[in-house]
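Asks: Provided below for reference: sequence and predicted model.
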Amino acid sequence: MKCDLHIHTYYSDGVFSPEKIVDTAIDVGLGAIALTDHDNILSYNVAKDYLKKTGKQDKLEVIEGVEINTLYKNYEVHILGYFMDDTNSDFRELLKTQQNARVKQTKEIIALLSKKEGIKIKYEDIVKQVAEGGSIGRPHIAKAITNAGGTVSVIDAYAKYIHDDSPVYVPRKTVSPQDAVEIIYDAGGIPVIAHPHDLDIAEPLIKDLMSYGLRGIEAYHRKHSPACVEYFSSMAEELGLIVTGGSDFHAPNIMNGQIVMGKNFVPEWIYDKLLQEKKLIDMA
């Protein structure tokens, strides 16, 4: 089954609603998708309800996923999770902790922007950019700065204000990747390290995270070259981990409007291996 296991909606930093994601996935010929918004799982039920309402359940399988933003030794490490028991108390507390950290960071940056740069933006200007209850973050702050006339573009806002060396930037106090992996695993989920090419410490970190329950590596990603895919696929095989993949879709290409969802090659056996891994975890 053709799949895309890394997709964002407007419940985090994507631009499409879950309903739009479902229709687009069907249009591009996908049979299974995972909704992996940052630090929340709100899009899943919306998508499932839409499939049921429109009678499209037989056209698309939607997996409940998440992408947890973590910090480790000054590295931002993203941990994907699939098939969690969303009633698990520790998992729910993890999401709550992450959301609170996002709110705290945002309000502190807003205060510094006003005090040090004279850029006046309101918390509501940021919250309204996501669906109710969704995850606010750096893209939304950058857009609010631009909308307030603080910069000429979102890219400019990132360059001036949304980075560690900026006098108005406040790092988010987030959980460790070890905690995220362990909580996802203990909630019956499959923890996977996302786009590891971003990390020059990927190999030792992956080996460390295995002791906390890491079960997979996202080898297929739109930023990964064929050589990179081969490298991380071989690593996964050597370590006994599964391989996953996805487009990490957020929005159509800004230059040509192209939809990248489902466009990067993800072998059809990826989905079957994910289901097999879930069965193994449930049997453990």
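Replies: Structure received. Numbers count the residues shown, from 1 in each chain.
Asks: need the contact list for Leu42.
Replies: 11, 131, 133-134 (CB atoms under 8 Å, 6 or more residues apart in numbering). (Each C-beta comes from the backbone N, C-alpha and C, glycine too.)
Asks: mind checking the longest strand of the protein?
Replies: strand 61-72 (DSSP state E).
Asks: and stretch 128-140, how far apart are its ends?
Replies: Using CA to CA, to the nearest Å, the end-to-end distance of stretch 128-140 comes out at 9 Å.
Asks: buried sites along that stretch?
Replies: By neighbour count on 16 or more other CB atoms under 10 Å, the buried set for stretch 128-140 is 129-131, 134-140.
Asks: which ones among these map onto helices?
Replies: Of the positions in the buried residues of stretch 128-140, 138-140 sit in helices, assigned by DSSP state H.
Asks: dump those to a markdown table, plus distance to Gly31.
Replies: As requested, those are arranged in a markdown table below (distance: CB to CB, whole Å):
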| residue | distance to Gly31 |
| --- | --- |
| Arg138 | 33 |
| Pro139 | 30 |
| His140 | 32 |
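Asks: of those, which is the nearest to Lys223?
Replies: Nearest to Lys223 among these: Pro139, at 17.0 Å, using CB to CB.
Asks: wait, the closest one touches Asp13, no?
Replies: Yes. Pro139 lies in contact with Asp13 (CB atoms under 8 Å); the separation is 4.7 Å.
Asks: where in the stretch 1-150 of the chain is pLDDT low?
Replies: Counting by pLDDT under 70, the stretch 1-150 of the chain contains no low-confidence segment.
Asks: quick one, strands of it?
Replies: 3-7, 32-35, 61-72, 75-82 (DSSP state E, counting those that start in this stretch).
Asks: closest to Val243 out of the ones you listed?
Replies: Taking those one by one with CB to CB, strand 3-7 is closest: 10.4 Å.
Asks: angle of that closest one against strand 61-72?
Replies: 40 degrees (axes from the mean of the first three to the mean of the last three CA atoms, to 10 degrees).
Asks: strand 3-7 vs strand 75-82, what angle?
Replies: 130 degrees.
Asks: number of nearby residues for the closest residue in space to Met210 that isn't next to it in sequence?
Replies: Of all residues not flanking Met210 in the chain, Leu239 sits nearest, at 6.6 Å (CB to CB, 6 or more residues apart in numbering). For Leu239, the count of nearby residues is 13 (other CB atoms under 10 Å).
Asks: dump the residue contacts of Leu239.
Replies: By CB under 8 Å, 6+ apart, the contact set of Leu239 is 206-207, 210.
Asks: report the buried members of the residues you listed.
Replies: So, by 16+ other CB under 10 Å, the buried ones in these are 206, 210.
Asks: secondary structure, distance to Met235 and pLDDT added to the contacts of Leu239, as JSON lines?
Replies: Listed next are those as JSON lines, based on DSSP: H, G, I helix; E, B strand; the rest coil; distance: CB to CB, whole Å; pLDDT from 0 to 100:
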{"residue": "Ile206", "secondary structure": "helix", "distance to Met235": "7", "pLDDT": "98"}
{"residue": "Lys207", "secondary structure": "helix", "distance to Met235": "9", "pLDDT": "98"}
{"residue": "Met210", "secondary structure": "helix", "distance to Met235": "11", "pLDDT": "98"}
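Asks: dump the contacts of Leu239 into JSON lines; add distance to Thr174 as well.
Replies: Shown next, in JSON lines, are those (distance: CB to CB, whole Å):
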{"residue": "Ile206", "distance to Thr174": "19"}
{"residue": "Lys207", "distance to Thr174": "22"}
{"residue": "Met210", "distance to Thr174": "21"}
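Asks: ranges for the helices of the stretch 1-150 of the chain?
Replies: 18-27, 42-54, 89-112, 123-127, 138-147 (DSSP state H, counting those that start in this stretch).
Asks: among the ones you listed, which is nearest Val62?
Replies: Taking these one by one with CB to CB, helix 42-54 is closest: 4.9 Å.
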